[in-house]
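In: Provided below for reference: sequence and predicted model.
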Amino acid sequence: MAGPVVVGRVASQIISYISKHGVRKAVQKFGKKAVDLARKADAAIERQLDKVQGVTTTTPGRTAKGRGVVVGKKRTKAYGRTKAVKGAAYGAAATAAVTAANSGRTRGELKRIKELEAAKLAKEKAKLKKLEEENKRLKQEVRNKRKRDKGFPFTSK
């Protein structure tokens, strides 16, 4: 059961790499077979999403994704939704990959990270405390000034 998920993550990483660097560099990095499989998986996902949204070969209009042209009201809506769904799925897969890569840290590294975060939090708390004290002092000054000026005949109420 873990197989298709892993394949999906790898395919999404390859497709993401293709969108950033092009097919030629992707083939150099991952190999022709992996790139072909990823592109086929991507196309299959698009076909399934179109099928769910009711877009078939008989739906009016044309989709020329290579040139970025989509014609037809229903096809245009479906194409926008498909891009959004695929983007969210690829983003989730990339996040999972980064999380998996970060989970390989040693205990010492994790402990050091926690210590740094705690030190940063302590500094922020100290700054906040100073600001609260300054705010309190300024409020007291305003109160004292109002008390002094209360008896002055030209103050407006």
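Out: That came through fine.

In: so where's the protein uncertain?
Out: 1-9, 62-70, 89-105, 151-157 (pLDDT under 70).

In: can you do 50?
Out: 1-6 (pLDDT under 50).

In: how about the helices in it?
Out: 2-21, 23-30, 32-52, 73-102, 107-149 (DSSP state H).

In: so for Pro60, which of those helices sits nearest?
Out: helix 73-102 (7.3 Å; C-beta to C-beta). The C-beta positions use only the backbone N, C-alpha and C, and glycine is treated the same way.

In: save the helices of the chain as TSV, and put in mean neighbour count and distance to Thr58 too.
Out: Shown next, in TSV, are those (neighbours: other C-beta atoms under 10 Å; distance: least, C-beta to C-beta, whole Å):
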stretch	mean neighbour count	distance to Thr58
helix 2-21	15	28
helix 23-30	14	31
helix 32-52	15	12
helix 73-102	14	11
helix 107-149	10	56
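
In: which one of the ones you listed lies closest to Gly61?
Out: Closest among the helices of the chain, using C-beta to C-beta: helix 73-102, at 4.4 Å.

In: output the helices of the chain in TSV, with distance to Pro60 appended to each entry.
Out: Formatted as TSV, the helices of the chain follow (distance: least, C-beta to C-beta, whole Å):
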stretch	distance to Pro60
helix 2-21	29
helix 23-30	31
helix 32-52	14
helix 73-102	7
helix 107-149	56
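
In: now the phi/psi pair for Gly72, please.
Out: Taking degrees, to the nearest 10, you get phi 110, psi 130 for the backbone angles of Gly72.

In: roughly how far apart are the spatially closest residue to it that is not a sequence neighbour and Ala122?
Out: Of all residues beyond its chain neighbours, the one nearest Gly72 is Gly61 (1.8 Å), with distances taken as C-beta to C-beta, 6 or more residues apart in numbering. Distance of Gly61 to Ala122, computed by C-beta to C-beta, to the nearest Å: 61 Å.

In: cool, and Thr57?
Out: Thr57 is 64 Å from Ala122, by C-beta to C-beta.

In: in this structure Val10 contacts Ala38, no?
Out: Yes. Val10 is within contact range of Ala38, at 7.3 Å (criterion: C-beta atoms under 8 Å).
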